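1. Kindly return the folded structure for what I paste below:
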Amino acid sequence: MMFVSLLENVSWYVADTVALAAVALIGYLFGSRTSKPADSRPDEKLVLELSRTVQIANELRLITQRLRQDVALHQSSILQFESRVKNLRADESGDIGLDLSSEAEAMLAPTLKLATKLSLTYDQIRKQSSLLSNFADSHSDPETGVLSRKAMEEHLKVLASQYQEGKLRFALGLFRIDCDAPVPADNYAIQDQLQNFAQILERCAQENDLVARFSKNEFIVLMPEATMASVSMFGETVQKQVEIEHNGAFYGGIVEGVCGESVERLLSRADSALYSARVSENGSLYQHTGKTIRPLGLSVMGKTLAR
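-> As a prediction, the model looks like this:
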């Protein structure tokens, strides 16, 4: 039943992402058609986007088919394993302990194989979902090109749900830069700095990490299967790169997901850590452990803060 439930959840997720692609594409088509004369030639960019959408849909369909086949095959192995174990209980003439060990060993290999395939399938679906997000205006930030806050919160809810079920841990960093412009009202200079900062975050992030804009000059990097230590190392890497490419101050608040914690509480902890980083003169990266807020890599010995 566990595998059937998992298959249903993945199938629903795939269907949801395909629906997202359809809605985004319809909006894109409608906008393109209404902004051009009826007799104009097909937009090459639109044709390319349409082709990419079809490719994503096909890939999602193939992923679902492979997953169904893998789960069905493993269910068959489970039924055979159950049957052999029942026969061992009925047969008291042999060495039950040795036979049971042998049966468990035989069942272990296909189970580990399926676990690996499920992990790879999850990564493939997330990759296709990220591609689909490019077609949905509400899922991307038009000024920097990274994910929008809405898209980030959707991904965060999924990760939090998985963590509560004991399937996946995660961590995130909330980062901020203070933009400097020759003239305070020079929005173009500020915009360039924000775009540059977003690009730094994306360059430093790994393939499965998600970079999103949280507010005007704050960005979130969401890291599936990561720990506090992983995000801390990421923050230090970004900090060094910002020092090279950016003149403004850099701050970061780092947290790791806690089982049973709400998304709102998690983001509140990250914001509190970021606040501590901004008001401190000793450093720019702080972590919130759930109980205390403390600086990273600083000469503040044993000092902890809480809000």
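2. would you list every one of the strands in the stretch 201-307 of the chain?
-> Listed in chain order, the strands of the stretch 201-307 of the chain (DSSP state E, counting those that start in this stretch) span 210-213, 218-224, 250-256, 285-288, 293-295.
3. pLDDT on the fourth one, on average?
-> Within the predicted structure, the mean pLDDT of strand 285-288 is 94.
4. Equivalent analysis for the last one, please.
-> For strand 293-295, mean pLDDT is 91.
5. what number of residues lie near residue 112?
-> Neighbourhood size, residue 112 [other Cβ atoms under 10 Å]: 10. Yep, even glycine has a C-beta here, placed from its N, CA and C like the rest.
6. Averaged pLDDT, the helix or strand harbouring it. What do you get?
-> If you go by DSSP states H and E, residue 112 is part of helix 96-133. The average pLDDT for helix 96-133 rounds to 74.
7. following it, which helix or strand shows up next?
-> In the C-terminal direction, the helix or strand that comes right after helix 96-133 (DSSP H and E) is helix 149-164.
8. Show me what counts as buried in that next one.
-> If you call a residue buried by 16 or more other Cβ atoms under 10 Å, then helix 149-164 has these buried ones: 151, 152, 153, 155, 156, 158, 159, 160, 162, 163.
9. Residue 223 touches residue 159, doesn't it?
-> No. Using Cβ atoms under 8 Å, residue 223 is not in contact with residue 159, being 9.3 Å away.
10. Pull up the overlap in contacts between these two.
-> With contacts taken as Cβ atoms under 8 Å, 6 or more residues apart in numbering, the residues that reach both residue 223 and residue 159 are residue 170.
11. can you redo the buried residues of helix 149-164 as a markdown table with distance to residue 265 and pLDDT?
-> Listed next are those as a markdown table, based on distance: Cβ to Cβ, whole Å; pLDDT from 0 to 100:
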| residue | distance to residue 265 | pLDDT |
| --- | --- | --- |
| 151 | 20 | 85 |
| 152 | 16 | 88 |
| 153 | 13 | 87 |
| 155 | 17 | 84 |
| 156 | 12 | 88 |
| 158 | 17 | 82 |
| 159 | 14 | 83 |
| 160 | 10 | 83 |
| 162 | 17 | 77 |
| 163 | 13 | 74 |
